[in-house]
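In: Okay, sequence plus prediction incoming.
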Amino acid sequence: MKTHGKIIPNSTETLYRPVGPGQLSAIRRSGWRNFPVRKTHQKFFYPLLYEAHAVEVARNWHVFNSGIGHILEFQMEREYLNQFTMNCIGGQQHIEYRIPAYKIMEFNQHIMGCIKLIASYYLPLVSRDTSWSFLSANDLRLKNLYRLTPR
């Protein structure tokens, strides 16, 4: 895992985004170039600075809620990103940018290259274990999660 967003000589920064199946489908339809517009109740878009944080969210939130979570990596123009503050929302690796939802189209114009799918986490597809429905998000890490890495 990367310990910090890779920096490509002062012009771009690598960011991460955990997504579920719906968002991944929308990103795929955009040709891997854009993040979808936020829903009305979603006031911010949160790209993450650390891959480890994205993995936590994908595994503990997306897998629990939809059965699969994906990690995306993308390069962002540093000059554009500088207008936004980084926020620490927990431990040292829990750093995110808060992009107002109304700026997502503008944000997409400053992505350098394509958005890349770097990992997917999912529950076992075939299981005789019927206890899955009784798990809480904290219990989920006790079960086996599978990682697909398309790199």
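Out: Yes, it's here. Residues are numbered from 1 along each chain as shown.
In: Run through the protein and note the low-pLDDT ranges.
Out: 1-10, 124-151 (pLDDT under 70).
In: if we go to 90?
Out: By pLDDT under 90, the low-scoring segments of the chain are 1-10, 60-61, 64-67, 85-87, 89-93, 122-151.
In: can you tell me which helix in it is longest?
Out: If each helix of the chain is counted by residues according to DSSP state H, the longest one is helix 21-29.
In: name the helices or strands packed onto that one?
Out: Here helix 21-29 touches strand 68-77, going by 3 or more C-beta pairs under 8 Å, 6 or more residues apart in numbering; DSSP states H and E. Backbone N, C-alpha and C define where each C-beta goes, glycine included.
In: Packing partners of the strand it packs on?
Out: Partner elements for strand 68-77 (3+ C-beta pairs under 8 Å, 6+ apart): strand 12-19, helix 21-29, helix 51-57, strand 111-122.
In: Please point out which parts of stretch 94-110 sit buried.
Out: Residues of stretch 94-110 classed as buried: 94, 95, 96, 97, 99, 101, 104, 107, 108 (neighbour count, 16 or more other C-beta atoms under 10 Å).
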